[in-house]
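>>> here's my sequence, what's the structure:
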Amino acid sequence: MHCEQVKSLLNEYCEGTLSEAMRERVQAHLRGCAACQREAQFTHALWRGLSALPEVAPPADLHARIMTHVRANTRAREAQQRFAFWRWAGAAAVAAGLFVMGFFAAQSDGVQAAFGFNAKSKPAIETPQPVQAGVFLEYRATTDGARAPVLEARMNREADAELRYTPDSKERTEPILVWSGRLQPGKTVEIPLQTLLHTSGERVLTLRWTLERQSRVLYVPAGYPQAKLASLRLQAKLSDALRQIASAYQTPIEWVPNGDEPLVVLDVQDAPIEEALQKLLVGSNYTVKRHGDFWRVVSR
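Model prediction:
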């Protein structure tokens, strides 16, 4: 089997849903391929982490929302029964009934039914409300008092996107696919990152978010308390320097590459993150902006 074939089957392999013959073929490939072994270990760790997540309680208003749909459907059936009776009441009565009734619509929480002469039920058409588009990071408190990062992505139109993770390793490794899919207008996709942090053992995750072939790099800290001041002395490529700053301050940084990755130098003592980033970018084609919980490094 080829690597791509094996990687496409890793979820089923970890879930145990592969046939015996296919499972043996995957295992045979894994025994001889170090890259796929790492991918399989990563997938196994994700499965273990997901299985350990607490059960999510349903929203408090779930019953009320369900009953709203039930009542709407009940009204629709009653209207249909009344219309069936009028059909047998004679042409004049039917004409009078339709004149009074005209077009009857029962609508409740997105459920709509329409009735008329030879009319059929029309499905509800939901118009997505405009949202603040982009990719965002939120830290949520866990039961043990820790802060777990969750990546949120939303758009006002359909768009293909993917999220990849680059391990912090001296060896050159291929980015690992964490999530891929199609964003829907007005809908938010949430990607929990706590399991990935536990699996990697890193203070900062290096993630690449790609939306319709346009990429940005996200440096996501583990969620330790943020540092207001830090002392740093470094000389590195911009990507490595941003990662070190995100780790030192435990503050997320977003970098939008423009094809240029300069060598940068920084030497600060007890400096806030904004000062450190501004000094880091002196003489480069980049500038820094505050964007919610992110510090964004973008082209000038």
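>>> make it CA atoms for all contacts and neighbour counts henceforth
Fine.
>>> leaving aside the residues adjacent along the chain, what's closest to residue 141?
In this structure, residue 141 finds its nearest non-sequential neighbour in residue 147, 4.7 Å apart by CA to CA, 6 or more residues apart in numbering.
>>> my bad, residue 269
Among residues not flanking residue 269 along the chain, residue 231 sits closest, at 4.2 Å (CA to CA, 6+ apart).
>>> just residue 257 next, same as before
Among residues not flanking residue 257 along the chain, residue 216 sits closest, at 6.5 Å (CA to CA, 6+ apart).
>>> please apply the same query to residue 277.
Sequence neighbours aside, residue 288 is the residue nearest to residue 277 in space, at 6.9 Å (criterion: CA to CA, 6+ apart).
>>> tell me the bridge partners for the one you found.
Going by DSSP bridges, residue 288 is paired in beta bridges with residue 297.
>>> where does the stretch 1-150 of the chain dip in pLDDT?
Scanning the stretch 1-150 of the chain for pLDDT under 70 picks out 49-129.
>>> redo that, cut-off 90
Applying pLDDT under 90 to the stretch 1-150 of the chain picks out residues 1-27, 30-148.
>>> and if you look at the stretch 151-300 of the chain?
Under the criterion pLDDT under 90, the flagged ranges of the stretch 151-300 of the chain are 167-174, 186, 194-201, 212-213, 222-226, 258-261, 291-294, 300.
>>> residue boundaries of the strands in it?
Listed in chain order, the strands of the stretch 151-300 of the chain (DSSP state E, counting those that start in this stretch) span 159-166, 176-183, 188-192, 204-211, 214-221, 230-237, 253-255, 263-271, 286-291, 294-299.
>>> could I get these as CSV with distance to residue 136?
As requested, those are arranged in CSV below (distance: least, CA to CA, whole Å):
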stretch, distance to residue 136
strand 159-166, 13
strand 176-183, 14
strand 188-192, 10
strand 204-211, 11
strand 214-221, 10
strand 230-237, 25
strand 253-255, 10
strand 263-271, 26
strand 286-291, 9
strand 294-299, 8
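>>> out of those strands, the one nearest residue 24 is which?
Ranking the strands of the stretch 151-300 of the chain by proximity to residue 24 (CA to CA) places strand 176-183 first, at 23.8 Å.
>>> flag every buried residue along that closest one.
For strand 176-183, the buried set under the neighbour-count rule, 16 or more other CA atoms under 10 Å, comprises 176, 178, 183.
>>> show me what contacts the residue nearest to residue 269?
Taking CA atoms under 8 Å, 6 or more residues apart in numbering as the criterion, residue 231 is in contact with 267, 268, 269, 270, 271.
>>> at 10 Å what do you get?
When contacts are counted by CA atoms under 10 Å, 6 or more residues apart in numbering, residue 231 touches 245, 248, 249, 266, 267, 268, 269, 270, 271, 272, 273, 276.
>>> equivalent analysis for residue 258, please.
Counting by CA under 10 Å, 6+ apart, residue 258 has contacts 215, 216, 285, 286, 298, 299.
>>> narrow those to those that are buried.
Buried members of the contacts of residue 258, counted by 16+ other CA under 10 Å: 215, 216, 286, 298.
>>> how about those residues in CSV, adding distance to residue 190?
Listed next are those as CSV, based on distance: CA to CA, whole Å:
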residue, distance to residue 190
215, 18
216, 18
286, 29
298, 24
